[in-house]
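[1] Predicted model, plus sequence, below.
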Amino acid sequence: AQKVTQAQTEISVVEKEDVTLDCVYETRDTTYYLFWYKQPPSGELVFLIRRNSFDEQNEISGRYSWNFQKSTSSFNFTITASQVVDSAVYFCALSEEKETSGSRLTFGEGTQLTVNP
Amino acid sequence: GAGVSQSPSNKVTEKGKDVELRCDPISGHTALYWYRQRLGQGLEFLIYFQGNSAPDKSGLPSDRFSAERTGESVSTLTIQRTQQEDSAVYLCASSLYGQGYNEQFFGPGTRLTVL
């Protein structure tokens, strides 16, 4: 069975601070995909990034960066110079490659990030 | 825009009544998923449709829950004899194909409140 753990339920920072959201996953598959989604107060999930299990290269996109480490089964997300608009719930999710049953996403419980001005 | 749409956006019902929730996926997307999000929690998988294949119903919490999809178009999630524990946001997602690397695009959800 697959599992995603986001140990941080809530994080509160002041604008311009850097913040890292932790994600630890469990899976028995060798091929899998990791995702981060953002859920702003409006409720609609916004896709941020996808990584596959064979690509451990870290990625940077503007103020966002992701650190994927298979050795520790972690896929952490860092926001540099946080802004009030970054306030949202962030979900880490895992999908496995299943030929017959599709690739459902297993979500963590989410981390509520609040960026204060 | 041509995103995933869901209706109604909000539904309030009385315990014991049946409800139908609708999802319109992105045109051309072969895979469709239903998830449930209880207050303050992550999303739980309910059911998955892929083209004309048999759906994966393994996430449905009880036989009161059922879903249909016609071809690669609209899907309806039905909850019979609703219970208060069914109160949640029901989210629909679609992806181009069902493989794991495919990004799932989510709709805005239907907030169901069972009184």
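    All right, it came through fine. Residues are numbered from 1 along each chain as shown, chains lettered A, B, ... in the order given.
[2] Please name the residues that touch the residue nearest to the spatial centre of chain B.
    The residue lying closest to the centre of chain B (Cα atoms, centre = their mean) is B:Trp34, at 3.1 Å. Each residue near B:Trp34 by Cβ atoms under 8 Å, 6 or more residues apart in numbering or on different chains is listed here: B:Cys23, B:Phe45, B:Leu46, B:Ile47, B:Tyr48, B:Ala67, B:Ser75, B:Leu77, B:Tyr90, B:Leu91, B:Cys92. Where C-beta positions appear, they are placed from N, C-alpha and C, glycine not excepted.
[3] if you set the cut-off to 6 Å instead, what comes out?
    Neighbour list for B:Trp34: B:Leu46, B:Ile47, B:Leu77, B:Cys92 [criterion: Cβ atoms under 6 Å, 6 or more residues apart in numbering or on different chains].
[4] and what of B:Glu20?
    Per Cβ under 6 Å, 6+ apart, neighbours of B:Glu20: B:Thr76, B:Thr78.
[5] Bridge partners for it, pull those for me.
    B:Thr78 (DSSP bridges).
[6] Quick one, grab the pLDDT at it.
    Listed pLDDT for B:Glu20 reads 98.
[7] any idea how far B:Gln41 is from it?
    24 Å (Cβ to Cβ, to the nearest Å).
[8] helices or strands next to the lowest-mean-pLDDT helix or strand in chain A in the packing?
    Taking mean pLDDT, DSSP states H and E as the measure, the helix or strand of chain A with the lowest value is strand A:59-61, at a mean of 86. When contacts are defined as 3 or more Cβ pairs under 6 Å, 6 or more residues apart in numbering or on different chains; DSSP states H and E, strand A:59-61 packs onto no helix or strand at all.
[9] show me where pLDDT drops low in the chain?
    Defaulting to chain A. Scanning chain A for pLDDT under 70 picks out A:98-102.
[10] oops, I was thinking of chain B
    B:1, B:98-100.
[11] which stretches of the chain form strands?
    You didn't pick a chain, so chain A it is. A:3-5, A:10-14, A:19-21, A:24-26, A:32-39, A:46-52, A:59-61, A:64-69, A:74-79, A:88-96, A:105-107, A:111-116 (DSSP state E).
[12] Wait, chain B was what I had in mind.
    Using DSSP E, strands in chain B cover B:5-7, B:10-13, B:19-24, B:31-37, B:43-50, B:65-69, B:75-79, B:88-95, B:105-106, B:110-114.
[13] Out of these, the one nearest A:Tyr37 is which?
    strand B:105-106 (7.7 Å; Cβ to Cβ).
[14] Paired strands for the closest one, with orientation please.
    If you go by DSSP bridges, strand B:105-106 pairs up with strand B:88-95 (antiparallel).
[15] quick check: angle from the strand it pairs with to strand B:19-24?
    Angle of strand B:88-95 versus strand B:19-24, following axes from the mean of the first three to the mean of the last three Cα atoms, to 10 degrees, is 30 degrees.
[16] Not counting its own residues, what contacts strand B:88-95?
    Here strand B:88-95 makes contact (Cβ under 6 Å, 6+ apart) with B:4, B:6, B:21, B:23, B:25-26, B:29, B:31-38, B:102, B:104-107, B:109-111.
[17] Quick check: ChimeraX command selecting the buried ones in these.
    Selecting only the buried entries of those in ChimeraX, with 16 or more other Cβ atoms under 10 Å in any protein chain shown as the criterion:
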select /B:4,6,21,23,25,26,29,31,32,33,34,35,36,37,102,104,105,106,107,109,110,111
